[in-house]
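take a look and give me a structure for this.
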Amino acid sequence: MKSRLAFLLVGILLLSFVFSAFVSGAQSLPKGNWVIALSNSYYGNTWRKQMVDAFVNVGEEAKKKGYIKNYIVVNGDGTQNTQIAQMNSLILKRVNAICINAASPTALNGVIEKANKAGIKVLAFDSIADSPYCYKMDFDFVQDGVERVDYVAKRFNGKANVVQILGVSGSAPAIRMLQGQNDELKKYPNIKVVAQVQGEASASVAQQNMANIIPSLPQVDAVLTQAGNASYGVVQAFEASGKPMPLILGDNTSEFLQWWLKMKREKNYETISLGSAPGIGGAAFWVSLAVLNKVKVPKEIRLPLSKVTQDDVDKYSEMKPGTVVSPDFTYEYVLEHVINTK
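Numbers count the residues shown, from 1 in each chain. Just a heads-up that it's a prediction; the model follows:
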């Protein structure tokens, strides 16, 4: 009896070992000679800089562990022609994969197809291209617009004067967030858009352009921002104007959240903040590496937005300046929750 029990225990241990090895192997990465590039169309705000940092951080990790040979980062000036030229240069360098945060949903389609024909895997992320020759990974930007409008409608019982702050010119996120806002505004005929202001997802641009038109505006009840980096710039413009502070919806930047916390303590100021996670730069790297290693990856991936409410904003009291709310994406997390999400 004892010998049978001992044999059974050994068998269980062996099965446990095999199962553990299988799970570990499923999560592990093979060594590789890959070169993965980032083509980033625009580098002019906190979000984009944090996104690039996320890509670089995981690129360094992968390089040290031998998963790749190298990675390349190319930042553009926000124009389509510059990014097309940079993409052509990456094709000539014969990189294995390109993660592209595109300047336009359509203007990069030709060079993406060219990369595909050269055998290069392309992942368009965040500001995606609609080319059929690339994988796509972004956020539900239309929903961002919908949620902002619904929140304003609830706070003002469906009647308000609002200003819309626009995002990066020509980018897919800016187009879709505005689409979400405008479609939802049709449900509330008494919410009037009294101005649209170009913010370029930049606090400094939003501040200057908002300040220029505040004197000519009627009472502003709310400001519909977009995910990016403009909300605190709008705050600064209204503070400098001496006009009453409207309801300003946030973009998950540290500067806006710290201002909100201060106003919450002093005046019980209430709002919400929505944003896309700049950690997607790291996720894009891991997804591209998975594609190169022949992991089955969906052609289209949608990530959830991050939302901060009145009840949980206090969690961000120690948030570092110059950052945006975002998780860090490990390969294991991406494999389980991004690539394999049903």
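
CA only for contacts and neighbour counts going forward, please
Will do.

distance of residue 40 relative to residue 270?
Here residue 40 is placed at a distance of 35 Å from residue 270 (CA to CA, to the nearest Å).

tally of neighbours for residue 268?
Burial measure for residue 268: 12 neighbouring residues, criterion other CA atoms under 10 Å.

ditto for residue 194
14.

pretty sure it contacts residue 161?
Yes. Between residue 194 and residue 161 there is a contact under CA atoms under 8 Å: 6.2 Å.

for the two, list the residues in contact with both.
Common neighbours of residue 194 and residue 161 (criterion: CA atoms under 8 Å, 6 or more residues apart in numbering): residue 220.

show me where the stretch 51-200 of the chain has strands.
Per DSSP state E, counting those that start in this stretch, the stretch 51-200 of the chain carries strands over the ranges 70-75, 97-101, 121-125, 135-139, 160-166, 191-198.

starting from the longest one, tell me which strands it pairs with and how they run.
So that's strand 191-198. Applying DSSP bridges, strand 191-198 is found paired with strand 160-166 (parallel).

next one: the strand it pairs with to chain centre, how far?
Strand 160-166 sits 22 Å away from the centroid of its parent chain (CA atoms, centre = their mean, to the nearest Å).

could I get that strand in PDB with only the CA atoms?
Provided in PDB are the C-alpha atoms of strand 160-166 (Å, rounded to 0.1, in the frame of the first residue of the first chain):
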ATOM      1  CA  ALA A 160     -25.600  73.900 -21.800                       C
ATOM      2  CA  ASN A 161     -23.100  75.900 -23.800                       C
ATOM      3  CA  VAL A 162     -20.100  73.900 -24.600                       C
ATOM      4  CA  VAL A 163     -16.700  74.300 -26.300                       C
ATOM      5  CA  GLN A 164     -15.100  71.400 -28.200                       C
ATOM      6  CA  ILE A 165     -11.300  71.000 -28.000                       C
ATOM      7  CA  LEU A 166     -10.000  69.200 -31.000                       C
END
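
check contacts around the closest residue in space to residue 171 that isn't next to it in sequence.
Leaving aside its sequence neighbours, residue 171 sits nearest to residue 104 (CA to CA, 6 or more residues apart in numbering; 5.1 Å). Residues in contact with residue 104 (CA under 8 Å, 6+ apart) are 80, 127, 128, 129, 170, 171, 172.

list the buried ones in stretch 168-176?
By 16 or more other CA atoms under 10 Å, the buried positions in stretch 168-176 come out as 168, 169, 170, 171, 172, 173, 174, 175, 176.

contacting residues around the residue lying closest to the second one once chain neighbours are set aside?
In this case it means residue 169. In space, not counting the residues next to it along the chain, residue 169 is nearest to residue 200; the distance is 6.4 Å by CA to CA, 6+ apart. Taking CA under 8 Å, 6+ apart, we find residue 200 in contact with 166, 167, 168, 169, 206, 230.

pick the one among those residues closest to residue 68.
Of all the contacts of residue 200, residue 168 has the smallest distance to residue 68: 32.2 Å, by CA to CA.

per-residue pLDDT, the closest one?
pLDDT recorded at residue 168 is 89.

distance-wise, check it relative to residue 291.
29 Å.

tell me where the stretch 151-300 of the chain has helices.
172-185, 203-213, 231-241, 254-267, 280-292 (DSSP state H, counting those that start in this stretch).

give the contact list for residue 293.
Residue 293 sits next to residue 30 when contact means CA under 8 Å, 6+ apart.
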